[in-house]
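A.B. asks: Sequence first, then the predicted structure, then my questions.
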Amino acid sequence: MKVKEPSYKHKAVLLIDDNELDNFINVKTLESNLFAKKIYVNTSGRSAVEFLNNISIVQGCTEMFPDVIFVDINMPFMDGFQFIEYFKTNLEKTIKSSKLVILTSSVNHEDRAKALSISKEIIFLNKPLTKFMLDQI
């Protein structure tokens, strides 16, 4: 007997956060809400850039492109805004279907304003990730 696969909202998402506990909680939230069939996790902006560059140059890897990219703002070496700028400059044409979501503990209004100045399409959410938030994406 064939078991019916659950109906996922997205095929793949990418989490970028240097906090392992936040990643664990966010993965569990995404899984329990059937938000994505595949969840990729990177603990730095740099490793996320490397991952996305690698899948963008390999033919036939389009199913790996994340539909949604969740990125934290405060990370060492390459913060979330630097990642977003790199993505928009270098990868957005290749991975054009990805929706950018800032998922942060920051309550600084300047961070929200900076996100809007980069793009009105960026979604700005405060941690923790919830089912209600996922329903809005």
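C.D. replies: Cool, got the structure. Numbers count the residues shown, from 1 in each chain.
A.B. asks: residues in contact with the worst-scoring helix or strand of the chain on mean pLDDT?
C.D. replies: One helix or strand of the chain scores below all others by mean pLDDT, DSSP states H and E: helix 45-57, with a mean of 90. Applying Cβ atoms under 8 Å, 6 or more residues apart in numbering, the external contacts of helix 45-57 come out as 14, 16, 40, 42, 61, 64-65, 69, 71, 75, 77-80, 82-83, 86-87, 90-91, 94-95. The way it works is simple: take the backbone N, C-alpha and C, and place the C-beta from them, glycine included.
A.B. asks: Let's see which of these end up in helices.
C.D. replies: If you go by DSSP state H, the contacts of helix 45-57 have G80, Q82, F83, Y86 in helices.
A.B. asks: Rebuild these as TSV, extending it with neighbour count and distance to E110.
C.D. replies: Formatted as TSV, these follow (neighbours: other Cβ atoms under 10 Å; distance: Cβ to Cβ, whole Å):
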residue	neighbour count	distance to E110
G80	25	14
Q82	15	16
F83	26	18
Y86	18	21
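A.B. asks: ok, of the residues you listed, which one's closest to I137?
C.D. replies: Using Cβ to Cβ, G80 comes nearest to I137 of those, at 16.7 Å.
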